[in-house]
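**Student:** show me the folded form of this:
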Amino acid sequence: MFLSFFLGCNTSDEKLRLTSPSKKYNLVVDVNNETENKANKGCLRLKLYNQSHELVYFMQTGVSDNNKWQVLWHPTNDTIIVDSKDIGNAAYQITAGKNISPVTWTDELKVVADSAFKTKYDDN
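**Tutor:** Coordinates of the predicted model:
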């Protein structure tokens with residue numbers, strides 16, 4: 001009983017956990033439920049961990065969990081793709097093993113994002 005109480009008191013709402021194609025990183029996507037900053041409440045956060053499970057990068061996004069969204073790794077490289085129906089698309093590449101830098105949105109990224117989005121939401 002005591003253990004179940006603590007297990008139920010998670011302060012973040014984890015939505016997704018993904019391993020990068022290189023297996024060097026894990027990406028955790030959760031929802032910001034903190035009340036200090038109401039502008040970010042209910043928006044997705046990206047947390048990048050290395051193989052030692054150390055947090056190496058954190059990003060607060062403007063993607064609302066109330067709208068349709070998809071976050072995924074590019075299938076052949078360590079690029080994070082964010083597809084959101086409220087704020088649009090973005091892609092981020094890991095640089096120097098510890099930073100996430102925006103990359104130019106390309107037709108190839110759009111195809112990958114659209115396919116994953118359709119699979120998640122079963123849109124035809």
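**Student:** packing partners for the longest strand seen in the chain?
**Tutor:** Counting by DSSP state E, the longest strand found in the chain is strand 55-64. The elements that strand 55-64 packs onto, with contact taken as 3 or more Cβ pairs under 8 Å, 6 or more residues apart in numbering; DSSP states H and E, are strand 43-50, strand 79-84, strand 99-103. Backbone N, C-alpha and C define where each C-beta goes, glycine included.
**Student:** show me what counts as buried in the helix or strand just after the last one.
**Tutor:** So the one you mean is strand 99-103. Tracing the chain C-terminally past strand 99-103 and defining elements by DSSP states H and E, one meets helix 107-121 next. Of the residues in helix 107-121, those with enough neighbours to count as buried (16 or more other Cβ atoms under 10 Å) are 109, 112-113, 116-117.
**Student:** which SSE is residue 89 in?
**Tutor:** For residue 89, the enclosing helix or strand under DSSP H and E is strand 88-95.
**Student:** ok, and what's touching that strand?
**Tutor:** Residues external to strand 88-95 that are found in contact with it (Cβ atoms under 8 Å, 6 or more residues apart in numbering): 20, 25, 46, 48, 57, 59, 74, 77-83, 100-105, 109-110, 113.
**Student:** under the pLDDT cut-off, which ranges of the chain? List them.
**Tutor:** Under the criterion of pLDDT under 70, the regions of the chain flagged as low confidence span 1-12, 123-124.
**Student:** tell me the contacts of residue 70?
**Tutor:** Applying Cβ under 8 Å, 6+ apart as the definition, the contact partners of residue 70 turn out to be 81-84, 113, 116-117, 120-121.
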